[in-house]
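*Asks:* Sequence first, then the predicted structure:
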Amino acid sequence: MDATATPTRPGFSRYQKFVIAILAFLQFTIILDFMIVSPLGAMVMPRLHITPQQFGWVVSSYAFSAAVSGLLAAGFADRFDRKRLLLFFYAGFTVGTLLCGLAATYPMLLMARIVTGLFGGVIGSVVLAIATDLFPLEMRGRVMGFIQTAFAASQVLGLPTALYFANHWDWHAPFLAIIAVIVPVGLLIVFGMRPVNAHLALRQERSPFAHLAHTVTEKRYRLAFFLVMLLPTGGYMLMPFGTAFMVNNVGIAFSHLPTIYLVTGLFTVFVGPVVGRISDSFGKFNTFCLGSLVSFVMVAVWTNIGHTPLFEVIIINVVMFVGIFSRIIPSQALISAVPDVTKRGAFNAINASLQQFAGAISAAIAGWVIVEQPDGSLSHFNWLGYIVMAILLVSVGLMYFLHKAVPDRTMQAAGAAASPETAG
């Protein structure tokens, strides 16, 4: 059995539950802002008169700018209270989202996505650092499971609502609606979250550049860094053109897209916490392998279908996202056990940067591979599926070695993994 599994499952304190809710709600706004661009592709491309390649750059520009900001932030990520760091980047993310809602041309939208990525791309790393500071490894599967429900909630509540706004007003409307959600979340962080600064009591490196360099060159982190680059490639390759594929190749009406996202989201809202509990109880690596197997099969099915009834498309989409969640949650929990306490912020910032950079390359490659036909249909979508399937197999092999390296170290330092803030 996976050595990272544990027979006991300690409960969460009242404050820990509050923090999980805050982090999940915050992730909801970040994920929704990123995800809404892809479903709007079928509307944005004809409205702005842009090609699939140009739209691929709209998606990847966010990731490229996030990769740059992640590296710039890494050296300073462990030198500040994580709550203050979170609020700084969240404020910049708010400005970027507003610019997206006001963009009237392709260059304006491209610039707005770059600004949003500069700030929004770092937030996920800060969230993971906070979760790792406040929760020991034996709890992190459940914590990541709850935080990842934000992904499902963005589909249940966010995407259908955003698409409704886009259908009834304009593609700008969803971004403006997100602003109405961002502001209350920011206020909850300001007034409800305690400082997350226990790491500041530990010895810090004097130079932020030395801190960055030592984190990047740490041999124990290399495998985790490489894995982090591989894990998001499937989503970045398939999601940007998912709605255009469904509308133009599969024959699903644009008005039915909210139904697909709604049903898929409803299922995955419950899947996230369940997968988190399973990964804590039966092994994070075992859960990751099962999720990878499901993902492999469903990617093969999804990228090779033709005209398909709505009901079957929903089933395929639901099962595929169950597989995706069963990979994301245990992999995040395992990777969170790799860095030292004083390098968690830098480690996660570098991870976010590498992840976004790999995602940007993936989205750009997808834009080059996909060919739009005169009737609007997309050719070579199945080629992307074959690439993703190969990456899935490689990631399972690499995750095995990471899983074997994590337990010995984390068992020795289990007491030091959680800060004093884990107390109720």
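*Replies:* Alright, I've got the coordinates. Residues are numbered from 1 along each chain as shown.

*Asks:* Touching, residue 57 and residue 367? I think so.
*Replies:* Yes: between residue 57 and residue 367 a contact is recorded at 7.0 Å, counting by CB atoms under 8 Å. No exception for glycine: its C-beta is placed from N, CA and C like everyone else's.

*Asks:* For this protein, list the residue farthest from the centre, please.
*Replies:* The C-alpha centroid of the chain is most remote from residue 374, which lies 33.6 Å away (CA atoms, centre = their mean).

*Asks:* can I assume that residue sits in a strand?
*Replies:* No: read with DSSP: H, G, I helix; E, B strand; the rest coil, residue 374 is coil and lies in no strand.

*Asks:* okay, now residue 323: neighbour count?
*Replies:* By other CB atoms under 10 Å, 21 other residues sit near residue 323.

*Asks:* gap between it and residue 269?
*Replies:* 16 Å (CB to CB, to the nearest Å).

*Asks:* Also residue 350?
*Replies:* For residue 350 relative to residue 269 (CB to CB), the value is 31 Å.

*Asks:* can you tell me which residues contact residue 68?
*Replies:* Residue 68 makes contact with 118, 353, according to CB atoms under 8 Å, 6 or more residues apart in numbering.

*Asks:* chain center to the helix or strand harbouring it, what's the gap?
*Replies:* Using DSSP states H and E, residue 68 sits in helix 52-74. Distance of helix 52-74 from the chain centroid (CA atoms, centre = their mean, to the nearest Å) equals 14 Å.

*Asks:* what comes up buried for it?
*Replies:* 52, 54-71, 73-74 (16 or more other CB atoms under 10 Å).

*Asks:* now swap in stretch 379-389 and tell me
*Replies:* 381, 384-385, 387-389.

*Asks:* How about stretch 232-250?
*Replies:* The neighbour-count check on stretch 232-250 (16+ other CB under 10 Å) flags 232-250 as buried.

*Asks:* follow-up on the earlier one: and which of the buried residues of stretch 379-389 is nearest to residue 293?
*Replies:* Nearest to residue 293 among these is residue 389, at 11.2 Å by CB to CB.

*Asks:* how about the helix or strand where the closest one lies: buried residues?
*Replies:* According to DSSP H and E, residue 389 maps onto helix 381-412. Residues of helix 381-412 classed as buried by neighbour count (16+ other CB under 10 Å): 381, 384-385, 387-389, 391-392, 395-396, 399, 402-403, 405-407, 410.

*Asks:* Quick one: list the elements packing against it.
*Replies:* Other elements packing on helix 381-412 under the criterion 3 or more CB pairs under 8 Å, 6 or more residues apart in numbering; DSSP states H and E are helix 222-230, helix 233-238, helix 284-302, helix 310-336, helix 344-369.

*Asks:* Of all these, which one is nearest residue 255?
*Replies:* Closest among the helices and strands packed on helix 381-412, using CB to CB: helix 310-336, at 10.9 Å.

*Asks:* Check the offset of the closest one from the chain's centre.
*Replies:* Chain-centre distance of helix 310-336: 12 Å, with CA atoms, centre = their mean.

*Asks:* what angle sits between that helix and helix 344-369?
*Replies:* 140 degrees (axes from the mean of the first three to the mean of the last three CA atoms, to 10 degrees).

*Asks:* Show me what helix 310-336 is packed up against.
*Replies:* helix 106-134, helix 137-153, helix 222-230, helix 257-282, helix 284-302, helix 381-412.

*Asks:* Mind putting those helices into TSV with distance to residue 336 and mean pLDDT?
*Replies:* Shown next, in TSV, are the helices and strands packed on helix 310-336 (distance: least, CB to CB, whole Å; pLDDT from 0 to 100):
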stretch	distance to residue 336	mean pLDDT
helix 106-134	5	83
helix 137-153	6	71
helix 222-230	10	84
helix 257-282	12	78
helix 284-302	10	90
helix 381-412	10	79
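
*Asks:* Out of these, which is the most enclosed?
*Replies:* Burial of the helices and strands packed on helix 310-336 is given as mean neighbour count (mean count of other CB atoms under 10 Å); helix 137-153 ranks first at a mean of 25.

*Asks:* got the CA positions of the next helix-or-strand element following that helix in PDB?
*Replies:* Using DSSP H and E, the helix or strand that follows helix 137-153 in sequence is helix 159-168. Output of helix 159-168 as PDB, limited to C-alpha atoms (Å, rounded to 0.1, in the frame of the first residue of the first chain):
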ATOM      1  CA  LEU A 159     -19.600  28.700 -16.500                       C
ATOM      2  CA  PRO A 160     -23.400  28.300 -17.100                       C
ATOM      3  CA  THR A 161     -24.100  31.700 -15.600                       C
ATOM      4  CA  ALA A 162     -21.200  33.300 -17.500                       C
ATOM      5  CA  LEU A 163     -22.400  31.700 -20.800                       C
ATOM      6  CA  TYR A 164     -25.900  32.900 -20.000                       C
ATOM      7  CA  PHE A 165     -24.600  36.400 -19.700                       C
ATOM      8  CA  ALA A 166     -22.600  36.000 -22.900                       C
ATOM      9  CA  ASN A 167     -25.700  34.700 -24.800                       C
ATOM     10  CA  HIS A 168     -28.000  37.500 -23.600                       C
END
